[in-house]
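# no FASTA, just this:
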């Protein structure tokens, strides 16, 4: 039963996109993920930006996939029923040097096939967003915002509905070639498979080595963020980025999220530890100072959370040069597809990269199409987005829609139950949070967390010691109150 | 669509006290909406004693204190609905509430905001470090222990000397956990002196002032916190770091009035209290919308919350009854059942004068007055002070002064002001002189 045609290592956005594209074929496939849910690494630790593609080197895989992924996303969002808004983006500048850099990237963008890039003056900028700082800007109408967790979950659920299995808590510890098959050893057991697709994200180099490819050097660029209250979001219509520096990097920006919060960040600094997602005082102080330049309402009363993500970039250790995404498959490593150094703009590029990865397999294997493949997936209906009339009807149909569990985000019991009974079988607090937004508001679970843990226990019939925050050992309770 | 004279949002101490008092004043058409399964608000989980000393001259547990009011609500047949969450309030006093029975739409003549407050979180104070399980606000930990019978941890550090934090220090100790210490970033405790005695000193739990948590460690469950001493600007002092291994960090770092619904309605908030700006009638900047209790300003004692709810009820009753008599102008007394009270009914006076404070005072309630009526001012000082005089001035003339041996930020100061001292329509200045 642990035997598949294809095993995808890694349940981030790339692994889930590959799983979804694989499910178009009549192949047995599974995703192995070391955490207890999809999108636990950097797929959930980013700005949630659908990039236009104006900063990537022309004809690179990054540029090609970003432009392709951007263009198709209205359809993708519709199929997968995920929130998405094509807000456009402004890249603002203050100095002549900023203007030079902006013009440079405008030219690159045009070469990459990004449509509609336009230089606008201060007046036009203020019309787009009165709270944006800057003397002038480049306006990129095709940029958009999405929820990277919801998107990754939607890809996974769609794959799951089309027959792909998801195995959580499975850390891959070794891969061996046995005859025509691979044996994959994990922290919990082993799997055999004909094909292996490496989508291990920040650990892709290690898995690459297990498959016999080089252990490609990667460098981690960590960025910290502030999440601001939706009340701050009322002041921002559009993502505001500062002019790129000479290397094409963007410093701290302010982005309205798809749910109406504001993200301020990320900054960028090099780290060693693969999963050092800690936030630090120095960087928080830096974000406050820089954030105020981009967004005039960067106020302490709006702070609700901090987080960090790390872009693990492939680089050339001799020259220090940052390298393109790597997608490879060669005969000396039969039946493998290797994806390494996938970082920003990985969300935008996920499906285009997945199609390219799956094509390598399909060209070799010639699998028949899955006649039952359904590209459409339905998400959880949000009470907070309904009109009063729709709310009335929803409660009539399902009384659980009338019970508000999360007060800040107005999430109902019906939504929490749907999330607890999600197709992937995830039941961590973070899993429920990413599926419903419960606990994401300004009280950060002060009101609803107790209710959610109770619902998880009751609905799934599990003991309270098995309720976890996000990871295997992130238990919430040490036992019952004595007496 | 339903109609009601007074809709009270929240069946906690403020809402209950307001409801009972309104009923006693002849207002029958009241509705309390409560999102929990029973009335009582946060008191339901406050099983410790110490409530009611001021009001009932005896010490009660939270649920017992609440029950005194719930009993009256029942006896007086005041309508209430539980398991119902208000999701929207408009400036024309339309209230939408969700329950499993359906979406309620209620047109109220007056709305009483009595939603209480919420706790400040780790994110609000930007504590650096990783994000493991095991970091709880004091109220959440209290709820798990007292309402859900679940123990959140065994080896505990508490940040913040708020009252709930200290009460949880004792509670967790009694449940067999080891509480290492309570750390407070301010140079003085933020909770009441009696809680320092009864919850910390009695259990040998040390309290460190001018200290804060500067790092949270642990990738899955909390493993340790780093605590540092802070200077007078609250900046950590390098070299003072000390690591405390623990599995639980309890945060008691302040309460914020919960005014999301008020904002929806367009009520103007005071940046200092995070509650509504109100006049001496507890009326917000929107006519017919009133606020009292912790949604207006965070109190130290529930006894004062109840009192504020009752004071509010006086004004709301006048508002409703004067509205009724003007509605039926020319008729013989308007609506029935209010009989003798009607002669005393007067429309609420307009409040155009502002209360202005000096830098020693964090805020006042009310923020606006008429100058024509007696009122009680609530205020807090910014830092502990000894031998102070609180002065009230109009046009630079001292109209009242009150001497106090000491003034603590943790203790709200309430001072009654008589109308005969005041000049109508003139701003009132409040100063602390020491």
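Great, that's in hand. Nothing here was measured: the structure is a model prediction, and the numbers come from that model.

# so where does the closest residue to residue B:19 other than its chain neighbours fall, helix or strand?
Leaving aside its chain neighbours, residue B:19 sits nearest to residue B:78 (5.0 Å; criterion: C-beta to C-beta, 6 or more residues apart in numbering or on different chains). In this view, the C-beta of every residue, glycine as well, is placed from N, C-alpha and C. Take DSSP states H and E as the rule and residue B:78 turns out to sit in neither a helix nor a strand.

# tell me the pLDDT of residue B:78.
Note on residue B:78: pLDDT of 98.

# okay but it is in contact with residue B:18, surely?
No - taking contacts as C-beta atoms under 8 Å, residue B:78 lies outside contact range of residue B:18: 10.3 Å.

# overlap in contacts, those two.
Jointly contacting residue B:78 and residue B:18 under the rule C-beta atoms under 8 Å, 6 or more residues apart in numbering or on different chains is no residue at all.

# give me the more crowded residue out of these two.
residue B:18 (32 against 20; other C-beta atoms under 10 Å in any protein chain shown).

# which stretches of the stretch 151-300 of chain A form strands?
For the stretch 151-300 of chain A, the strands defined by DSSP state E, counting those that start in this stretch cover A:165-167, A:172-178, A:181-186, A:190-198, A:218-228, A:240-242, A:253-256, A:262-265, A:269-271.

# go on, the stretch 1-150 of chain B?
In the stretch 1-150 of chain B, the strands defined using DSSP E, counting those that start in this stretch lie at B:2-9, B:30-33, B:80-81, B:85-89, B:94-99, B:102-113, B:117-119, B:135-137, B:150-151.

# how about those strands in CSV, adding distance to residue B:345?
Formatted as CSV, these follow (distance: least, C-beta to C-beta, whole Å):
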stretch, distance to residue B:345
strand B:2-9, 14
strand B:30-33, 17
strand B:80-81, 25
strand B:85-89, 26
strand B:94-99, 25
strand B:102-113, 14
strand B:117-119, 32
strand B:135-137, 44
strand B:150-151, 51
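
# tell me which of those strands sits most buried.
With neighbours defined as mean count of other C-beta atoms under 10 Å in any protein chain shown, these peak in mean count at strand B:135-137, which reaches a mean of 28.

# which strands or helices does that strand pack on?
Secondary-structure packing of strand B:135-137 (3 or more C-beta pairs under 8 Å, 6 or more residues apart in numbering or on different chains; DSSP states H and E): strand B:248-251.

# helices or strands next to the strand it packs on in the packing?
On a contact count with 3+ C-beta pairs under 8 Å, 6+ apart, strand B:248-251 meets strand B:135-137, helix B:138-147, strand B:155-159, helix B:163-174.

# ok, then the element right after the longest one?
If you walk from helix B:163-174 toward the C-terminus, the next helix or strand you reach (DSSP H and E) is strand B:178-184.

# what about that next one, distance to the chain center?
25 Å (C-alpha atoms, centre = their mean, to the nearest Å).

# quick check: closest non-adjacent residue to the most centrally placed residue in chain B.
Geometric centre of chain B, nearest residue: residue B:294, 1.5 Å, by C-alpha atoms, centre = their mean. Spatial nearest neighbour of residue B:294, excluding adjacent residues (C-beta to C-beta, 6+ apart): residue B:117 at 4.1 Å.

# related to what we said a few turns ago, any idea which of the strands of the stretch 151-300 of chain A gets closest to residue B:54?
strand A:218-228 (39.6 Å; C-beta to C-beta).

# what residue ranges in chain B score low on pLDDT?
For chain B, applying pLDDT under 70 flags the ranges B:325-344.

# can you check which helix is longest in it?
Longest helix in chain B by number of residues (criterion: DSSP state H): helix B:302-327.

# helices and strands around the next helix or strand after that helix, which ones?
Next along the chain after helix B:302-327, taking DSSP H and E as the criterion, comes strand B:353-357. For strand B:353-357, the packing partners by 3+ C-beta pairs under 8 Å, 6+ apart come out as strand B:361-365, strand B:368-369, strand B:428-433.

# if we go to 7 Å?
When contacts are defined as 3 or more C-beta pairs under 7 Å, 6 or more residues apart in numbering or on different chains; DSSP states H and E, strand B:353-357 sits against strand B:368-369, strand B:428-433.

# closest one to chain A among these?
Proximity to chain A, assessed across the helices and strands packed on strand B:353-357 by C-beta to the nearest C-beta, is greatest for strand B:368-369 (22.5 Å).

# direction included, what does the next helix or strand after that closest one pair up with?
Next in sequence after strand B:368-369, counting helices and strands by DSSP H and E, comes strand B:375-381. Here strand B:375-381 is paired, per DSSP bridges, with strand B:361-365 (antiparallel), strand B:413-417 (antiparallel).

# right, so these: which one is the most enclosed?
strand B:361-365 comes out most buried of these by mean count of other C-beta under 10 Å, with a mean of 21.

# tell me the residue of the stretch 201-350 of chain B that sits nearest chain A?
For the stretch 201-350 of chain B, C-beta to the nearest C-beta, closest residue to chain A: residue B:220, 3.9 Å.

# so which helix or strand takes in the nearest residue to that residue once chain neighbours are set aside?
Using C-beta to C-beta, 6+ apart and skipping the chain neighbours, the partner closest in space to residue B:220 is residue A:473 (3.9 Å). Element membership for residue A:473, per DSSP H and E: none, as it lies in no helix or strand.

# and residue A:473, how many neighbours?
There are 12 residues near residue A:473, going by other C-beta under 10 Å.

# I figured it hits residue B:221, correct?
Yes - contact criterion C-beta atoms under 7 Å: residue A:473 and residue B:221 qualify, at 5.6 Å.

# so who does the closest residue to residue B:38 other than its chain neighbours touch?
Computed as C-beta to C-beta, 6+ apart, the closest residue to residue B:38 that is not its neighbour in sequence is residue B:82, at 5.9 Å. Residues near residue B:82 by C-beta atoms under 7 Å, 6 or more residues apart in numbering or on different chains: B:34, B:36, B:37, B:38, B:39.

# hmm, try it at 6 Å
The neighbours of residue B:82, taking C-beta atoms under 6 Å, 6 or more residues apart in numbering or on different chains as the test, are B:34, B:37, B:38.

# can you give me the strands for the stretch 1-150 of chain A?
For the stretch 1-150 of chain A, the strands defined by DSSP E, counting those that start in this stretch occupy A:3-9, A:29-32, A:49-50, A:84-85, A:89-93, A:118-121, A:136-140, A:144-146.

# a markdown table for the ones you listed, including mean pLDDT and mean neighbour count?
Below are the strands of the stretch 1-150 of chain A laid out as a markdown table (pLDDT from 0 to 100; neighbours: other C-beta atoms under 10 Å in any protein chain shown):
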| stretch | mean pLDDT | mean neighbour count |
| --- | --- | --- |
| strand A:3-9 | 98 | 24 |
| strand A:29-32 | 98 | 26 |
| strand A:49-50 | 97 | 26 |
| strand A:84-85 | 98 | 16 |
| strand A:89-93 | 94 | 26 |
| strand A:118-121 | 97 | 14 |
| strand A:136-140 | 96 | 24 |
| strand A:144-146 | 97 | 24 |
